Structure formats: structure tokens, C-alpha cells
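A.B. asks: Sequence and computational prediction follow.
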Amino acid sequence: MSVEGVIGSAAVAVRRPRTYAATVAGQLRRHRGAMAGLAVLLLEVTVAVAAPWIAPHDPIHQDLLAPLQPPSRAHPWGTDEVGRDVLSRVIYGARISLSVGLISVGIAGVGGVFLGLVSGYMGGVVGETILRVMDLLLAFPGILLALAIVAVLGPGLFNVMIAVGIAGMPAFTRVTRAQTLAVREMDYVVGARAVGCTTGRILSRYILPNVLPSVIVLATLGLAGSILTAAGLSFLGLGAQPPVPEWGAMVSLGRAFLRQAWWVTTFPGVAIMVTVLAMNMLGDGLRDALDPRLRRG
């Protein structure tokens, strides 16, 4: 064997193995749907952040002399019933809809993961009580549960975030509990208990890292559902209140003019559809990348 061959073999032999994060990132890059969804979401986040600079008009400025104007050079996506620029409102609406989705999933994720860890690890009366409460919440469809909570708290974006977060909490709790029940019997967790590690250290250091991959996938898919539920509540008049440019509220306001001004409802509706589709595509890719049984070779 030549000297070059020996050196090449030695280099391969000492090459460091790929980390878990690098493996997941490589799998995700090979998933075209996930990459397409991620590109769309990054574009929407960029548009939302840069809204003050790229929006052609003030989203709440009313031009009563130009109501329901069709798409034109001055208003590329037309105007609504009081002359507000639809494109500017959709751009600013991205800020609100994405924020509502992120905060709602954050509430559901933090609360659900905590309750799932406690229920799965502690067991007993505490675990069963948490599980029964989650079962009670799951007995109601998510949109109806959120609707009931908003009806109690009152309309408004902040209350919508709380309602959607509570409605999504049972899914996180049950997934986390199932993962915790499996992990708590592992040798390293038993060993940690044997050497006297506290419950908090065991949950945070040994169990939570093994639960996070499933939670990340559920959170990504939950973002789509949260945005859709929040838009539905705004459509019913329980979410964002006028003149806030929120996609669901825009669809609701434009339905009365659907025959003569299709653009008022169509463009915010398409924005909701594209966002939900992109998040679902990214979630599918993350599921395939994080689950070793579904990884591509």
C-alpha cells in the first residue's frame, strides 16, 4: 500500500464521529419538504421583523375615498372596506399571528412538559390526578375549549394566547408522561437515584433531555394548530379587535364583501394556509430526523 493510502486510512480511522446534532441537521437538510417549509417560515419572520420598512402603507390608516379598490400599482393587494391597504395589513398581521402561535405553544409546552414530568416520574395520586385533569380537557375539541376559556376571560389577543395555550397543554402532558415512564426505568436514572440525586436534578439532567426531541416535534406541529385556532377565534370576534391587523379578523371582516372584493379575504386566508402548511412540512421533517426509526440512510 502506498504512503498516501496509509495516511488516508489513518485519517479515516481517527475521524471523529458525527454528533447527534450534526446527524439530525444532515437528515433535515435531505428532507426537501422540511427545507421548503423552513425557507417559507424564515421569509415570513423576516417580513414580520422588517414590516415597518417594507409595508407600503400604514396598516391602520383609513382612506374613505378609496374603499374596496382592486389590486393596483398604488395598492398591490387592493384595499378593504375603509380604504386600508390589504398588503400592509397582511405584512403586519404576520407579526401578530406568529407571535400568538409562539407564545401559545410556549405556554402549552412549558406547562405540559412540567406536568408530564411530574405525572410520569412521581406517579401515585399526584400523577393520576394530573392525568385525569388532562383527560377532562381532552374530552373537549381544542377550538371549543379555547372558545370557552376566551368567553370566560373576555376577548383580546392576550386572552387568546392563554386559551390556546391551555387547550394545547394536554397533548404535551401526555407525550411527556409517556416518554418519562419509559426513561425513568433506564439504568442511568436508577443509578442516579441510588447515589442520592435529587428529584429535580434527575428530571432536568437525565429525563428532560430524552423527552425534548418529541416535545420539539410536537411544538412545531402545534404552532400550526395554534395559529389556526387563534385565527378562528379572531374570525369569531373573540381575538384581535379592530383595527389590529390580524389574519383571522381580516378574513372575518372581508367575508361580507366576498362577491365584489375577493382580495380582502383571499390574501389573509392564503397567508394562513401557507404558514400552516409550512409549519406542518417542517414538523414532518423534524419528526423524521429526530426519530431513529424514520431516519433515512
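C.D. replies: Looks like it arrived, so ask away.
A.B. asks: Can you tell me the SS state at residue 197?
C.D. replies: With DSSP: H, G, I helix; E, B strand; the rest coil as the basis, residue 197 sits in coil.
A.B. asks: ok, it - how many residues close by?
C.D. replies: Using other Cβ atoms under 10 Å, residue 197 has 15 neighbouring residues. From N, CA and C alone the C-beta is placed, and that goes for glycine too.
A.B. asks: Residue 84 and residue 58, how far apart?
C.D. replies: 8 Å (Cβ to Cβ, to the nearest Å).
A.B. asks: neighbour-wise, which of these two wins?
C.D. replies: Per other Cβ under 10 Å, whichever of residue 84 and residue 58 has more neighbours is residue 84, with 24 against 14.
A.B. asks: Pull the contacting residues for that one.
C.D. replies: Applying Cβ atoms under 8 Å, 6 or more residues apart in numbering to residue 84 gives the contacts 57, 59-63, 243.
A.B. asks: Looking at these, which is nearest residue 249?
C.D. replies: Set against residue 249, the nearest of the contacts of residue 84 by Cβ to Cβ is residue 243 (9.2 Å).
A.B. asks: Does that closest one touch residue 60 like I think?
C.D. replies: Yes: applying Cβ atoms under 8 Å, one finds residue 243 in contact with residue 60, separated by 4.4 Å.
A.B. asks: And residue 274, how far from residue 227?
C.D. replies: From residue 274 over to residue 227 (counting by Cβ to Cβ), the distance is 11 Å.
A.B. asks: which one of those two has more residues nearby?
C.D. replies: residue 227 (25 against 15).
A.B. asks: pLDDT score for the nearest residue to the more buried one once chain neighbours are set aside?
C.D. replies: Ranked by Cβ to Cβ, 6 or more residues apart in numbering and with sequence neighbours excluded, the top spatial neighbour of residue 227 is residue 101, at 4.1 Å. In this model, residue 101 is scored at 89, pLDDT.
A.B. asks: Same question for the one 5 residues further on.
C.D. replies: You'll see residue 106 listed with a pLDDT of 93.
A.B. asks: which residues does it contact?
C.D. replies: By Cβ under 8 Å, 6+ apart, the neighbours of residue 106 are residue 165.
A.B. asks: again, only using 10 Å
C.D. replies: Residues counted as contacts of residue 106 (Cβ atoms under 10 Å, 6 or more residues apart in numbering) are 161, 165, 219, 226.
A.B. asks: Looking at these, which one is closest to residue 30?
C.D. replies: Taking Cβ to Cβ as the measure, residue 30 lies nearest residue 219 of those, at 22.1 Å.
A.B. asks: what's the closest one in contact with, if anything?
C.D. replies: Residue 219 neighbours (Cβ under 10 Å, 6+ apart): 102, 105-106, 108-109, 112-113, 168, 171-172, 212, 226, 283, 286.
A.B. asks: isn't the residue nearest to residue 227 right up against residue 248?
C.D. replies: No: at 11.7 Å, residue 101 does not count as touching residue 248 under the criterion of Cβ atoms under 10 Å.
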